[in-house]
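# Give me a model of this one.
(one chain, ligands or ions: 2)
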Amino acid sequence: MKKITRYSVAKAGIFFTASVFLPMNGTAAALRNSANSSGISATFGDIDRRNDFFNEFGGNGRTCLSCHRPGEGWSITPQGMRKRFDRSDGTDPAFRPNDGSNSPDADVSTVDARRLAYSALLNKGLIRIGLPIPASAEFTLTEADDPYGFVSKDAANPDLSLFRRPLPAANLKFASSVMWDGRESPPTFSIREGLGNQANSANTQHAQGAELTAAQRQSIVDFELSLFASQISVRDSDVSIPLGKAASPKILAEQRFSLGINPPFLAGRANSAFDNQVFKLFDRWSGRPDRSGSDRRAAIARGQQIFNTRTFVIKGVAGLNDSALFGKPEQLTGTCGTCHNTPNVGNSSSALFMNTGVSDADRRTGDLPLYTLTNKTTGESIQTTDPGRAMVTGLWKDIGCFKVPALRGLAARPPYFHNGSRSEIPDVVDFYETRFGLGLNNRERLDLISFLRAL
Ligand code: HEC
Ligand code: HEC
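Numbering: from 1, shown residues only. Ligands and ions are numbered 1, 2, ... in the order given. Next comes the predicted model:
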C-alpha cells in the first residue's frame, strides 16, 4: 500500500472511506466502502500519508495501517481481511504469526495452512494479544483450554492468548483510557502519554520493529488525534439518506470533551448535572416523515430517543454495581447512556471498566480459549475467555471488565465487542435485550438498529 488518493468533496479535509489505495506495484485497487453494509462513512482529519502511522520501522512489514484502515472504520473487518488474504495468498503483512495467527507455532507454510492458521483474523478480525498474569495478581491460572494448543503448553509460565478486535485509531480525542483493558493508560498518565506509549508498543510488538523516538511517537499521536470518523449516509433498499451536518465527522471534531464530562453518578450519588440526552445528532428528525413519505429519518430519531431514554435494570455488572462511584447499588435503573455517556460519541467519559458478560464462560465459542482462574485467598474459581482489566490490575473483581467503547463510525467496523462475538449491529442489540431485558418491541428494536447504523 503506497498512496491514498484523495477524492475532493464539498469540504476540504473530508475523505470518503472509499478513497483509492494504490498498492506498491502501482495497480489501482479501489478500497470501496463495501465493508460498510449500512452506507458511507467518512473521515475528517489531517491525513498526511507521510506520517509515521504509514511507515515501517524495520520490523515484519507491518505499519499501523495493517490493522487500522480508514475504509474499515480505522479498525479491520473480516471482509477486508479476506480480500487481503486472497490478493496475497495470505502473505500481506497483516498475516504474521507473532499475533495475527491463532498460535505463534501455527504452520504457515502453504496457503491452505495459512487459511487455517489465521482463521480468527479472517473470520472475526481478531488479533492475538499475548499477556502474562501480573505477578501480584489475586488469582492464578489453574487451567487453560486453548483450542490452538499454545497457552496450554507452558502452563507454568503462561502468556494468555487474548483474541481482541483492533480499536479504531480515530475519534481518540474522546478517549478516557487506551486499549480494551486500559493497559496503556495508567492513572498517572495523560491520554496523550498513553497514546504515545501505545504507538511504541504497537510498533515493537505487532510490527516487531524498533523503539520509536519521542518525535515519532508524537507525530503518530498528533495524526491519530486529528482523525474523526463517522457515518455520513445510510442506505436502505435503494434509498440513500444523507445524515446531515450534525452527524458529520467535521462537527464531531468540534465536539467538546474533557475526562468525566458527563458521568451519571458522582461519589455514589446521582449526578444532577447528568445529561441523559447523550446523543443529539438527529433531534431535528423526530416525528417528521421524510419527503418520500417513508419514515426512515424519523426511525433514526426514534432510535436515538430509545438509546437516550429507554430505562432498564442494570445488575450483576462488575465495575458498576460494585463500584463506589455509583454507590455500589445491587441494581440500578439506567439507560444505554449510563455507561455510554460521552456526548455525541458514546464511550464512557470516565476511565471505567465494566463486565457485561461478553467473556463469560457460557458465551464461549469454540474459537476462543477458556481460562480457569482461581482466587489465591478464597480458592474460588472463575472461567473466562478473557480476564480483561484484571490482566492489568491483578484484581479479582476486575475479571471480565472492559472499557466502554466509543460508538461513532460503528457501521464501518463489524464485528463488535472486544472479541468480535457479535457479527452485526442487530446482534449487538439482541445481546443487550437478553442481558438486560430492554423489552423492545419489534419496531423499537429496528429503530435502535437504524440509529446505531447512523453513527
Ligand atoms: C497487528 C495489528 C495491529 C497493528 C499493526 C497495530 N494495531 Fe493498534 N490495535 C490493535 C489491537 C488488536 C488493539 C486492541 C488491543 C487491546 O485493547 O488489547 C489496538 C488498539 C489500538 C489503539 C487503542 C485505541 C483505544 O481506543 O484505546 C490505538 C490508539 C492504536 N491501536 C494505534 C495503533 C498505532 C499507532 C499503530 C502503529 C504504530 C498500531 N495501532 C498498529 C491492532 C494493531
Ligand atoms: C452496564 C454498562 C453498559 C450499558 C448499560 C450498555 N453498554 Fe454497550 N458496552 C458496554 C461495555 C463494557 C462494552 C464493551 C464490552 C466488551 O467488548 O466486552 C460495550 C460495547 C458496546 C458496543 C460495541 C462497540 C464496539 O466497538 O464493539 C455497542 C454497539 C454498544 N455497547 C451499544 C449499547 C447499547 C445500544 C446499549 C443500550 C441498549 C448499551 N450498549 C448499554 C457497557 C454498557
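# Who are the contact partners of Gln218?
Going by C-beta atoms under 8 Å, 6 or more residues apart in numbering, Gln218 touches Gly196. Yep, even glycine has a C-beta here, placed from its N, CA and C like the rest.
# Begin at 49, not 1, for the rest of this chat.
Taking 49 as the first residue, the last one we looked at is Gln266.
# Beyond the host helix or strand of it, next helix or strand please.
Using DSSP states H and E, Gln266 sits in helix 262-273. From helix 262-273 onward toward the C-terminus, using DSSP H and E, the following helix or strand is strand 276-284.
# Could you pull out the helices in the stretch 149-298 of the chain for me?
In the stretch 149-298 of the chain, the segments counted as helices under DSSP state H, counting those that start in this stretch are 159-165, 167-172, 239-249, 262-273, 297-302.
# ditto for the stretch 399-503 of the chain
In the stretch 399-503 of the chain, the helices defined using DSSP H, counting those that start in this stretch lie at 438-441, 473-484, 490-501.
# tilt between the second one and helix 490-501?
It stands for helix 473-484. Here helix 473-484 points in a direction 120 degrees away from that of helix 490-501 (axes from the mean of the first three to the mean of the last three C-alpha atoms, to 10 degrees).
# got the buried residues for helix 473-484?
Using 16 or more other C-beta atoms under 10 Å as the test for burial, helix 473-484 gives 473, 476-480, 483-484.
# now swap in stretch 235-243 and tell me
For stretch 235-243, by 16+ other C-beta under 10 Å, it's 239-243.
# coming back round to it: rebuild the helices of the stretch 399-503 of the chain as TSV, extending it with distance to ligand 1 and mean pLDDT.
TSV is the format used below for those (distance: least, C-beta to the nearest ligand atom, whole Å; pLDDT from 0 to 100):
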stretch	distance to ligand 1	mean pLDDT
helix 438-441	9	98
helix 473-484	18	98
helix 490-501	18	97
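# is it possible to export the ones you listed to a markdown table including distance to Arg456?
Converted to a markdown table, these look like this (distance: least, C-beta to C-beta, whole Å):
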| stretch | distance to Arg456 |
| --- | --- |
| helix 438-441 | 26 |
| helix 473-484 | 13 |
| helix 490-501 | 10 |
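# for those helices, which one sits closest to Phe211?
Closest to Phe211 of the helices of the stretch 399-503 of the chain, according to C-beta to C-beta: helix 438-441, at 13.3 Å.
# close enough to count as contact, Ala223 and Ser238?
No - in this structure Ala223 lies outside contact range of Ser238 using C-beta atoms under 8 Å: 10.7 Å.
# What is the burial count for the closest residue to Ile124 other than its chain neighbours?
What sits nearest to Ile124 in space, not counting adjacent residues and going by C-beta to C-beta, 6 or more residues apart in numbering, is Gly173, at 4.8 Å. Close neighbours of Gly173, defined as other C-beta atoms under 10 Å, add up to 27.
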